[in-house]
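Colleague: Next one to model:
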Amino acid sequence: MVYGAPPRWDRRMQQRLAGGEAAALGELYDRFAALVHSQAHRMLDDEAAADIVTREVFTHVWENPDAYDPRLGSMRSWVARLAHRRSVERLRSAERDGCDSGPGEDGDAPHDTADLDERLRRATAAARADYIAATLPEPLRAALELAYIQRRDYRQTAADLGVTEMEARRRLRLGLQLLATANLAPVDGFSPPGYGRAL
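Modeller: Numbering: from 1, shown residues only. Sure, this is the predicted structure:
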């Protein structure tokens, strides 16, 4: 989706980075480092590799601030795309290095490309869900956390949030719709209690 003018913060941040303002990089890091690191860690399942990807992403941003195209989305989404791309590159590189070590015991390559593609697909979906969950508006995130983590039904969720049952159902429905854009069903088919009926 192509957007109009970028939000003021994004536009100003790009200008500051292009001007070589180190404080701007620090501010960007403070705002997005946890997102980048968690996305990389989710994909790579390796703390050290996630640290490296995080450094690579912010180095790239610092060296290439003009690569950000505000017509394609927010600065946050650009940084998330960079994290995803670097993580995929690292996974593919590790796969190539593993295959370069020689054939497996049965004479075939030790790693299956289809297996790597499936790992990438699952990791990408999980990282996207993490990103979406992290960027949900607080009212939606709070409702989903009550329902899926604390296992509250919509009536209990409404009471805990101090909203009407209809509003609780609306927040849950909207939050689930946003999470569905990551192409994920509820984890292991889990639905929170009391949600057998349509919201």
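
Colleague: Name all residues that make contact with the closest residue in space to residue 156 that isn't next to it in sequence.
Modeller: Sequence neighbours aside, residue 146 is the residue nearest to residue 156 in space, at 7.3 Å (criterion: C-beta to C-beta, 6 or more residues apart in numbering). Every residue, glycine included, has its C-beta placed from N, CA and C. Applying C-beta atoms under 8 Å, 6 or more residues apart in numbering, we find residue 146 in contact with 152, 156, 157, 160, 161.

Colleague: Swap in 6 Å and give it another go.
Modeller: Applying C-beta atoms under 6 Å, 6 or more residues apart in numbering to residue 146 gives the contacts 152, 157, 160.

Colleague: would you list the residues you listed in TSV and tack on neighbour count, distance to residue 33 and pLDDT?
Modeller: Converted to TSV, these look like this (neighbours: other C-beta atoms under 10 Å; distance: C-beta to C-beta, whole Å; pLDDT from 0 to 100):
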residue	neighbour count	distance to residue 33	pLDDT
152	21	32	87
157	25	31	91
160	14	31	93
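
Colleague: For the helix or strand containing residue 93, enumerate the helices and strands it packs against.
Modeller: For residue 93, the host element (DSSP states H and E) is helix 75-99. The contact analysis (3 or more C-beta pairs under 6 Å, 6 or more residues apart in numbering; DSSP states H and E) places helix 75-99 against helix 22-44, helix 47-63.

Colleague: try 10 Å
Modeller: helix 8-18, helix 22-44, helix 47-63, helix 113-135 (3 or more C-beta pairs under 10 Å, 6 or more residues apart in numbering; DSSP states H and E).

Colleague: Can you lay out the contacts of residue 146 as JSON lines showing secondary structure and distance to residue 119?
Modeller: Shown next, in JSON lines, are the contacts of residue 146 (DSSP: H, G, I helix; E, B strand; the rest coil; distance: C-beta to C-beta, whole Å):
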{"residue": "152", "secondary structure": "coil", "distance to residue 119": "34"}
{"residue": "157", "secondary structure": "helix", "distance to residue 119": "34"}
{"residue": "160", "secondary structure": "helix", "distance to residue 119": "37"}
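
Colleague: Which one of those residues is nearest to residue 95?
Modeller: residue 152 (41.9 Å; C-beta to C-beta).

Colleague: tell me the mean pLDDT for the helix holding residue 93?
Modeller: Model confidence over helix 75-99, given as mean pLDDT, is 84.

Colleague: again, but for stretch 172-187
Modeller: Averaging pLDDT along stretch 172-187 yields 68.

Colleague: SS state for residue 20?
Modeller: coil (DSSP: H, G, I helix; E, B strand; the rest coil).
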